[in-house]
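*Asks:* quick one, what's the 3D model for this:
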Amino acid sequence: MRPEPGGPDSPPPPLRIGNASGFYGDRFDALREMLTGGPLDVLTGDYLAELTMLILGRDRLADPRRGYAKTFLAQLEEGLGLAVERGVKLVTNAGGLNPAGLATGIRALADRLGIAVRVAHVEGDDLLGARDWGTGVLTANAYLGGAGIATCLRAGADVVVTGRVTDAALVTGPAAAHFGWAPGELDRLAGAVVAGHILECGTQATGGNYSFFQELGPEHDVRRPGFPLAEIHADGSAVITKHPGTGGAVTIGTVTAQLLYETAGPRYPGPDVTARLDTVRLTDDGPDRVRVDGVRGEPPPPTLKTGLTRVGGWRNEVVFVLTGLDIEAKARLVRDQLDAALAGRPPAEVRWTLARTDRADAPVQEEAGALLRLVVRDPDPEAVGRAVSGAAIELALASYPGFHVTAPPGKGTPYGVFEAAYVDAGDVRHVAVLADGERVTVPPAVGGRADAVGPAPLPPPWPGGGTRRAPLGLVAGARSGDKGGSANVGVWVRSDTAWRWLAHELTVETFRRLLPEVVPFRVERHVLPNLRALNFTVDGLLGEGVASQARFDPQAKALGEWLRSRCLEIPEVLL
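*Replies:* Next comes the predicted model:
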């Protein structure tokens, strides 16, 4: 017999958790839009990334009172009153390197606005002084889980500010607090981790950066996608949706794309739980509603990932424009001239790349131009500063015909390096600082090592038939991104028929052939049959991380779209 709604045997209503920021610099008005666009219980904001930690580290060097995302404080000028009025809890990692400082700033703002609000924060992730991390390390922060957030919310906090927690912790913490989950309820926690991963990048779950954006239809305004929210249930399942009347779309495709973003194999390890991505089921639950269930959880690893950032050295860049005829010869001339000018003290690293953006008989001058990019790096700023920019500009009247550059070269600028280290979870003192100032030590989750995951089942091979050479993107979507120095590319298709072809066709060897730049690096392929998806990781493609700007596309954001543009033999029935 089905219990009456609201009766003693009824399950609790779902917890509605929204997102209003996917990075430091996201849409400023999103916090107000989410608070006024429909009902919410919790509103989260993710402001941190590997590059952001370096930026905040430099802020803190300039002023020890800084080190947090100032944007969030500015958003609260209007948003704090709206949240309190509507009974919405705010949970954010905008505290960065100084969560206590941001919490103090929020209290001061509340006092000025005459708003009664209880502000708590979480600390313990900052390990900079905990050990010798080596020369030049600017920040060292462990990725904490959601247990500290849950402790603050259970104690009555209206706003919880954290430093470096996992992106998904912004959802696992509120869910655990609301439903009373214990640390060992791994499947429920894993479901919340998956929901948190879908929400963390904001509008990437609602049609932003989506391969098939042109197919969403005129009723889904992709010019301004709405931010996502998750209706999380007591069993850990969730429905991903958005406020009514907002742009973009929530479909199995948009959710699949975000699920594949910046992940690797079937296991997604975190400090609360290891979520098994190969168990995720996605089903249509109505317009702009996708149900996520079936997620299995395993114990978290016994260690916590710790992100280290440091200044790696100094870099400079000059982009020469080569126009019209004899592009290769013009490139050789300017390279020979610069190499000779720098021969006395060449920078430690000199990298040239020629992008043939030109086309023959171009009706527009810009379309006749190719770009020759020079990037230099060195520990000494003098070696990449005036020595390089001066040598480049001195060629203005003495080099190839049509000489000009995209921007005047200047002094060298510092570049950052990201490195991941791992520390025992028991060695990190995770502390919830409650609104009344009480400090509560949060014990680590009981970690463990799970059994190895066997090979994922593949569908039957493609039966054969006529093929046509065409871009992969006509049948497959992709989403790519960065994890330290590695890149990931998730590729998925939308039918079982296409999955039979993709699973057997897009091997590591084919992936390397389509993307020749990845050939020098180790490539792994992971199979996720429930999502009809393959996930490729390319170790080392991004050098020492996004801040080192090792590539033209330093965060590998467009690597998947490059892959989709490459041609191969595709069955005609799929086209």
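
*Asks:* which residues of this structure score low on pLDDT?
*Replies:* Scanning the chain for pLDDT under 70 picks out the ranges 1-9, 450-451.

*Asks:* same thing but 80
*Replies:* 1-11, 447-454, 546-550 (pLDDT under 80).

*Asks:* longest helix of it?
*Replies:* Longest helix in the chain, counting residues (DSSP state H): helix 70-86.

*Asks:* now residue 502: which helix or strand?
*Replies:* helix 496-505 (DSSP states H and E).

*Asks:* quick revisit: packing partners for the following helix or strand past the longest helix of the chain?
*Replies:* Downstream of helix 70-86, the first helix or strand assigned by DSSP H and E is strand 89-92. With contacts taken as 3 or more CB pairs under 8 Å, 6 or more residues apart in numbering; DSSP states H and E, strand 89-92 sits against strand 42-45, helix 70-86, helix 147-154, strand 159-161, helix 169-179. No exception for glycine: its C-beta is placed from N, CA and C like everyone else's.

*Asks:* make JSON lines out of those and add distance to residue 361.
*Replies:* Below are these laid out as JSON lines (distance: least, CB to CB, whole Å):
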{"stretch": "strand 42-45", "distance to residue 361": "51"}
{"stretch": "helix 70-86", "distance to residue 361": "48"}
{"stretch": "helix 147-154", "distance to residue 361": "61"}
{"stretch": "strand 159-161", "distance to residue 361": "59"}
{"stretch": "helix 169-179", "distance to residue 361": "54"}
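
*Asks:* closest one to residue 391 among the ones you listed?
*Replies:* helix 70-86 (39.2 Å; CB to CB).

*Asks:* can you show me the strands along the stretch 301-450 of the chain?
*Replies:* Here the stretch 301-450 of the chain has its strands, by DSSP state E, counting those that start in this stretch, at 303-323, 349-355, 369-378, 404-405, 413-424, 430-433, 439-442.

*Asks:* figure out which of these is closest to residue 202.
*Replies:* strand 303-323 (20.9 Å).

*Asks:* for that closest one, buried residues please.
*Replies:* 303-318, 320-323 (16 or more other CB atoms under 10 Å).

*Asks:* that older thread, make JSON lines out of the strands of the stretch 301-450 of the chain and add distance to residue 11.
*Replies:* Below are the strands of the stretch 301-450 of the chain laid out as JSON lines (distance: least, CB to CB, whole Å):
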{"stretch": "strand 303-323", "distance to residue 11": "33"}
{"stretch": "strand 349-355", "distance to residue 11": "57"}
{"stretch": "strand 369-378", "distance to residue 11": "57"}
{"stretch": "strand 404-405", "distance to residue 11": "64"}
{"stretch": "strand 413-424", "distance to residue 11": "38"}
{"stretch": "strand 430-433", "distance to residue 11": "28"}
{"stretch": "strand 439-442", "distance to residue 11": "28"}
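
*Asks:* nearest to residue 72, out of those?
*Replies:* Of all these, strand 430-433 comes closest under CB to CB, at 17.6 Å.

*Asks:* residues in contact with residue 82?
*Replies:* Shown in contact with residue 82 (CB atoms under 8 Å, 6 or more residues apart in numbering): 32, 35, 36, 88.

*Asks:* most surrounded residue in those?
*Replies:* The most neighbours of any of these, using other CB atoms under 10 Å, belong to residue 35, which has 22 neighbours.

*Asks:* okay, now the residue nearest to residue 350 when sequence neighbours are not counted: neighbour count?
*Replies:* Distance criterion CB to CB, 6 or more residues apart in numbering; nearest residue to residue 350, sequence neighbours excluded, is residue 376 at 5.4 Å. Neighbour count of residue 376, defined by other CB under 10 Å: 25.

*Asks:* contacts only, for residue 376.
*Replies:* Per CB under 8 Å, 6+ apart, neighbours of residue 376: 315, 316, 317, 347, 349, 350, 351, 383, 384, 388.

*Asks:* residue 538: which of those is nearest?
*Replies:* residue 351 (18.5 Å).

*Asks:* dump the residue contacts of that closest one.
*Replies:* So residue 351 contacts 374, 375, 376 (CB under 8 Å, 6+ apart).

*Asks:* how close does the closest residue in space to the first one that isn't next to it in sequence get to residue 543?
*Replies:* Once flanking residues are discounted, residue 374 sits nearest to residue 318: 4.7 Å by CB to CB, 6+ apart. Distance check for residue 318 against residue 543: by CB to CB, to the nearest Å, it reads 20 Å.

*Asks:* what's the burial count for the closest residue to residue 362 other than its chain neighbours?
*Replies:* Closest residue to residue 362 apart from its sequence neighbours, by CB to CB, 6+ apart: residue 368 at 3.9 Å. As a burial measure, residue 368 scores 20 neighbours (other CB under 10 Å).

*Asks:* export the contacts of residue 351 to TSV and append columns for distance to residue 395.
*Replies:* Formatted as TSV, those follow (distance: CB to CB, whole Å):
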residue	distance to residue 395
374	11
375	17
376	15
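
*Asks:* ok, so of the residues you listed, who is nearest residue 167?
*Replies:* Nearest member of the contacts of residue 351 to residue 167, counting by CB to CB, is residue 375, at 30.5 Å.

*Asks:* contacts only, for residue 356.
*Replies:* Neighbours of residue 356 in contact, by CB under 8 Å, 6+ apart: 327, 370.

*Asks:* let's number from 30 now, not from 1
*Replies:* New numbering, starting at 30: the last item is residue 385.

*Asks:* so how far is residue 276 from it?
*Replies:* 37 Å.

*Asks:* then residue 540?
*Replies:* In terms of CB to CB, residue 540 sits 34 Å off from residue 276.

*Asks:* now residue 598: closest residue in space that isn't a chain neighbour?
*Replies:* residue 496 is the one closest to residue 598 (CB to CB, 6+ apart), at 4.1 Å.

*Asks:* residue contacts, that neighbour?
*Replies:* Counting by CB under 8 Å, 6+ apart, residue 496 has contacts 598, 599, 600, 601.

*Asks:* now for the helix or strand residue 598 falls within, which elements pack on it?
*Replies:* According to DSSP H and E, residue 598 maps onto strand 596-600. On a contact count with 3+ CB pairs under 8 Å, 6+ apart, strand 596-600 meets strand 496-500, helix 525-534.

*Asks:* any idea which of these is most buried?
*Replies:* helix 525-534 (a mean of 18; mean count of other CB atoms under 10 Å).

*Asks:* elements contacting it?
*Replies:* strand 596-600.
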